[in-house]
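Asks: next one to model:
(2 chains)
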Amino acid sequence: GQQVMQIPQYQHVQEGEDFTTYCNSSTTLSNIQWYKQRPGGHPVFLIQLVKSGEVKKQKRLTFQFGEAKKNSSLHITATQTTDVGTYFCAPPNYGGSQGNLIFGKGTKLSVKP
Amino acid sequence: NAGVTQTPKFQVLKTGQSMTLQCAQDMNHNSMYWYRQDPGMGLRLIYYSASEGTTDKGEVPNGYNVSRLNKREFSLRLESAAPSQTSVYFCASRLYRAGANVLTFGAGSRLTVL
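Replies: Next up, the predicted model:
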């Protein structure tokens, strides 16, 4: 079945350092979404990528969709304590109806001030 | 707008008890979902309702039932709770159409089964 692998599972950084999380799929994707969940909170939509090789930026966050549309990454430049949380990639689940999303296990980011 | 509202926020049950988690959205979304989140497991889909009047099983449906009461409301029922159902439950909704597949989540319901 379709699998989504997210690495690393945990990342501890010093404030000001960069951070990257990677999402790899066993199948070619039509699109991929990213969500952020703050500690004790709920997942919140960040962005959706659709085109091969697409790069989108949101302030210090840079999202990329691979050329083959089988992987994606999220890079945070100069992390801040407000970046703490778990980041999930979520591509469509082609085994389900209406392309329900399948969530990776997430990368939990902690930032030391 | 309230978005997606879940009740209760916290609940403690004994094994074998039943309960219903309530979810309501005021965004006129057609699809609604129930996920559970366990440490290190990410979000797993329990049941979903693509539109009013339909429900389907997700990845982990065993031990649960759902009801799509109307377009706004989607409830999750545990008939006989088990310790393995201790988890955080999230309801979500989305307006499923081209270019608008974003999930909006509720604040979550933390359930402990003793």
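Asks: list the strands paired with the helix or strand hosting A:Ile47, with their directions.
Replies: Element membership for A:Ile47, per DSSP states H and E: strand A:43-49. Sheet pairing for strand A:43-49, assigned by DSSP bridges, gives strand A:32-37 (antiparallel).
Asks: contacts for the strand it pairs with, please.
Replies: Here strand A:32-37 makes contact (CB atoms under 8 Å, 6 or more residues apart in numbering or on different chains) with A:23, A:25, A:43-49, A:63, A:65, A:72, A:74, A:85-91, A:101, A:103, A:106, B:101-103. Where you see a C-beta, it was placed from the backbone N, CA and C, and this is true even at glycine.
Asks: how about 7 Å then?
Replies: Residues outside strand A:32-37 that contact it (CB atoms under 7 Å, 6 or more residues apart in numbering or on different chains) are A:23, A:43-49, A:63, A:65, A:72, A:74, A:85-91, A:101.
Asks: just give the closest residue to the residue sitting nearest the centre point of chain A, not the sequence neighbours.
Replies: Nearest to the mean C-alpha position of chain A, counting by CA atoms, centre = their mean, stands A:Cys89 at 3.8 Å. Nearest non-adjacent residue to A:Cys89, counting by CB to CB, 6 or more residues apart in numbering or on different chains: A:Cys23, 3.4 Å away.
Asks: wait, isn't that neighbour in contact with A:Lys69?
Replies: No: with contact defined as CB atoms under 7 Å, A:Cys23 does not reach A:Lys69; the gap is 11.6 Å.
Asks: which one's more surrounded, these two?
Replies: Just comparing A:Cys23 and A:Lys69: by other CB atoms under 10 Å in any protein chain shown the higher neighbour count belongs to A:Cys23, 26 against 21.
Asks: other SSEs contacting the host helix or strand of the more buried one?
Replies: Secondary structure from DSSP H and E places A:Cys23 in strand A:19-25. Contacts defined by 3 or more CB pairs under 7 Å, 6 or more residues apart in numbering or on different chains; DSSP states H and E place strand A:19-25 against strand A:4-7, strand A:71-76.
Asks: quick check: next helix or strand after the first one?
Replies: If I follow you right, that is strand A:4-7. Going down the chain from strand A:4-7, the next helix or strand is strand A:10-14, by DSSP H and E.
Asks: near chain A, which residues of chain B show up?
Replies: Counting by CB under 7 Å from any CB of the partner chain, the residues of chain B close to chain A are B:40-43, B:45, B:48, B:50, B:56, B:90, B:96, B:102-103, B:105-108.
Asks: find the centremost residue of chain B, please.
Replies: The residue lying closest to the centre of chain B (CA atoms, centre = their mean) is B:Trp34, at 2.6 Å.
Asks: what about stretch B:73-81, start to end distance?
Replies: Length of stretch B:73-81, first residue to last, CA to CA, to the nearest Å: 22 Å.
Asks: for the record, mean pLDDT for that stretch?
Replies: Per-residue pLDDT over stretch B:73-81 has a mean of 97.
Asks: please identify the buried residues of it?
Replies: Neighbour-count burial for stretch B:73-81 flags B:73-76, B:78, B:81 (criterion: 16 or more other CB atoms under 10 Å in any protein chain shown).
Asks: say whether chain B is contacted by the lowest-mean-pLDDT helix or strand in chain A.
Replies: Least confident helix or strand of chain A, by mean pLDDT, DSSP states H and E, is strand A:4-7 with a mean of 93. No: judged by CB under 7 Å from any CB, strand A:4-7 makes no contact with chain B; its nearest approach is 8.0 Å.
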